[in-house]
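> Just a sequence and a predicted model for now, questions to come.
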Amino acid sequence: MRTRWTNAGLRKTLLAVAAVAGLTGCGKRSPAVEEEPPVPSTRTPWVQARSSEGVPLLEAPAQVLPSPEAQAGVVPPYRARVVKVLVRPGERVTKGQPLVEVVMPEVSAAAGAYAAASTRVDAYGRRKAQLDALKADGLVRLVDVLEAETKLAEARADQQSAAATLRIAQVEPGEASGIVSGRKPVSLRSPINGTVTAVGVAVGDSREPTGDPVVRVAGEGDSRVEARFARPVDAEHTAFELITSGGTRHRLTFVARAPVTDPRDGTTSVWLVPEKDEHLQPGLTGRVVVTLPRDAQVAVVPARAVALSQGKAFVVARRSGKTERVAVEVIASSGAEALVKGLVAGEEIAADASLTELAPAAAEKTL
C-alpha cells in the first residue's frame with residue numbers, strides 16, 4: 001500500500017530526527033572556538049606608512065634681505081655742488097673709485113687751512129732747530145726756545161684739525177695743496193665694490209648731508225633669508241628650504257629666532273642663511289618650507305588612521321601576521337595626513353581607525 005506524505009507528517013518526521021541527533025551527541029563536549037585578534041573591518045583598507053622625507057611641516061612667506069655691507073648710498077658729508085657725474089647706472093665700480101666730482105666749501109677751506117698750517121709747521125720746525133743749536137752754546141734765551149715750541153705746537157694742532165675735516169670727505173691730507181691750486185677735484189667715492197644702481201643728481205645740483213643719496217651702489221654680500229612663521233619652529237630637529245617664486249630650491253641653515261612675537265599679525269621672524277656660502281639675490285621672495293631631516297624616524301599616515309584612547313594616540317597595524325594597536329607620537333597633522341613617530345615606512349596600517357573592530361572598545365576618536 002502506498003503511503004501518502006502530508007505537510008504535517010513531514011514536519012513531525014524532521015522533528016523526530018533532530019531530537020534523536022541531539023540525544024546521540026549529548027554525551028560529547030563541543031570544542032571551544034578560539035577568539036581571534038580583532039581585525040580591521042572590510043570597510044577600511046590597509047595602507048602602507050610612507051617615508052617622511054620631503055614632507056613639509058610648516059610653510060612661511062620669506063624674502064632675501066640685502067646685506068648691509070653690500071648696499072651703499074653715497075651722500076656728501078658737507079654741503080656740495082655737483083660739477084661732474086662720472087658713472088651711469090649699471091657700471092661696475094670698485095671701492096674708492098670716484099663717482100661724482102663736487103665742490104664743498106668746507107673741504108676747500110679745510111684744504112687751505114691744512115696747507116697753511118703745514119707751511120707754519122715747516123717754518124717753526126726750522127726755527128726751533130736753529131734755537132736748539134744755539135742753546136747748546138748758550139747763545140739763546142730760554143724764553144725764545146719756549147716761544148718757538150709753542151708756535152710749532154699750535155701749527156701742528158691746526159694741521160691735525162684740518163686733516164680730520166679732509167678725511168671725513170675721503171680726501172687725504174696730502175691732496176690739500178692740489179685742491180687749493182684747483183688741480184685736484186674733490187670726489188665722492190664708492191665705499192664698496194659693486195654695481196651702480198641709481199644716479200640721483202645732475203651737473204649743477206646741490207646736495208645737503210641729510211638729503212637723498214647722490215649715487216646708489218649694490219654689491220654682493222652675505223645672503224640672509226627672513227621668514228615669518230605663525231607657529232613655533234623646532235629648529236634643532238627640522239630642515240629648511242627656500243622655494244623661490246621662480247621655483248628654484250635652496251637649502252638653508254637656521255641662524256636665529258626673534259625673541260618676541262609681532263603684535264600686528266602674531267608671527268615670529270626666523271632668520272636663515274644659504275648652505276655652502278651660496279649667494280641669493282637681495283629682494284628675492286618665496287616661501288620657506290620646514291621638513292624633517294632624512295634620518296628622522298617618522299612616517300606619514302592618513303590622519304584618520306590615528307585614534308586616541310585615554311589621551312594617547314595609536315594606529316591599528318599588522319605586525320608578524322597579527323593585528324595590534326601601536327602607540328605613536330603625533331609630530332604634526334594636516335587635514336588629510338599626520339606625521340607620527342613609532343612606525344617605520346612600509347608598515348601596513350588601517351586607513352581609518354574608527355572603522356576597525358578596535359574602535360568601539362578602545363578608540364575615543366580619530367584625528
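All right, it came through fine.
> Tell me the backbone dihedrals of the closest residue to Gly96 other than its chain neighbours, please.
Leaving aside its chain neighbours, Gly96 sits nearest to Arg189 (5.3 Å; criterion: Cβ to Cβ, 6 or more residues apart in numbering). (Each C-beta comes from the backbone N, C-alpha and C, glycine too.) Backbone torsions for Arg189, taken as degrees, to the nearest 10, come to phi -110, psi 160.
> Arg189 and Gly112, how far apart?
Taking Cβ to Cβ, to the nearest Å as the measure, Arg189 falls 22 Å from Gly112.
> for Ala148, same thing?
24 Å.
> center of this structure - which residue?
Geometric centre of the chain, nearest residue: Leu272, 2.5 Å, by Cα atoms, centre = their mean.
> Quick check, it in contact with Phe229.
No. Shown here, Leu272 and Phe229 do not form a contact pair, counting by Cβ atoms under 8 Å, at 11.3 Å.
> So which residues of the protein form helices?
Listed in chain order, the helices of the chain (DSSP state H) span residues 7-24, 105-136, 142-168, 176-181, 359-362.
> closest one to Gly96 among these?
Gly96 lies closest to helix 142-168 among the helices of the chain, at 13.5 Å (Cβ to Cβ).
> elements contacting that closest one?
Applying 3 or more Cβ pairs under 8 Å, 6 or more residues apart in numbering; DSSP states H and E, one finds that helix 142-168 contacts helix 105-136.
> List the buried residues of the helix it packs on.
Using 16 or more other Cβ atoms under 10 Å as the test for burial, helix 105-136 gives 106-108, 110-111, 113-118, 120-121, 124, 127-128, 131.
> and what of stretch 212-226?
Across stretch 212-226, burial judged by 16+ other Cβ under 10 Å covers 213-219, 221, 223-226.
> Just give me the closest of these to Glu101.
So of these, ranked by how close each gets to Glu101 (Cβ to Cβ), first place is Val214, at 11.0 Å.
> which of the buried residues of stretch 212-226 are the two that sit furthest away from each other?
The largest separation in these, counting by Cβ to Cβ, is between Val214 and Val225 at 30.8 Å.
> Now for this structure, the helix or strand with the poorest mean pLDDT.
helix 7-24 (a mean of 41; mean pLDDT, DSSP states H and E).
> now stretch 149-164: mean pLDDT?
Mean pLDDT, stretch 149-164: 94.
> residues in contact with it?
For stretch 149-164, contacts defined as Cβ atoms under 8 Å, 6 or more residues apart in numbering pick out 110-111, 113-114, 116-118, 120-121, 124-125, 127-128, 173, 176.
> One more pass at 7 Å, please.
With contact meaning Cβ atoms under 7 Å, 6 or more residues apart in numbering, stretch 149-164 is reached by 110, 113-114, 117-118, 120-121, 124-125, 128, 173.
> Same question for stretch 252-267.
225, 228-230, 235, 240-242, 268-275, 288.
> And stretch 60-71, by the same measure?
In contact with stretch 60-71 (Cβ under 7 Å, 6+ apart) are residues 192, 194, 218-229, 242, 280-288.
> rewinding a little: now list the buried members of the contacts of stretch 252-267.
Buried among the contacts of stretch 252-267 by 16+ other Cβ under 10 Å: 225, 228-229, 235, 240-242, 268-274, 288.
> May I ask which of those comes out lowest in pLDDT?
Among the buried ones among the contacts of stretch 252-267, Ala235 has the lowest pLDDT, at 79.
> where in the stretch 151-300 of the chain is pLDDT low?
Along the stretch 151-300 of the chain, the parts satisfying pLDDT under 70 run over 293-296.
> nope, the stretch 1-150 of the chain is what I meant
1-43, 54.
> Nearest residue to Gln170 in space, please, no chain neighbours.
Closest to Gln170 by Cβ to Cβ, 6+ apart is Arg189, at 5.3 Å.
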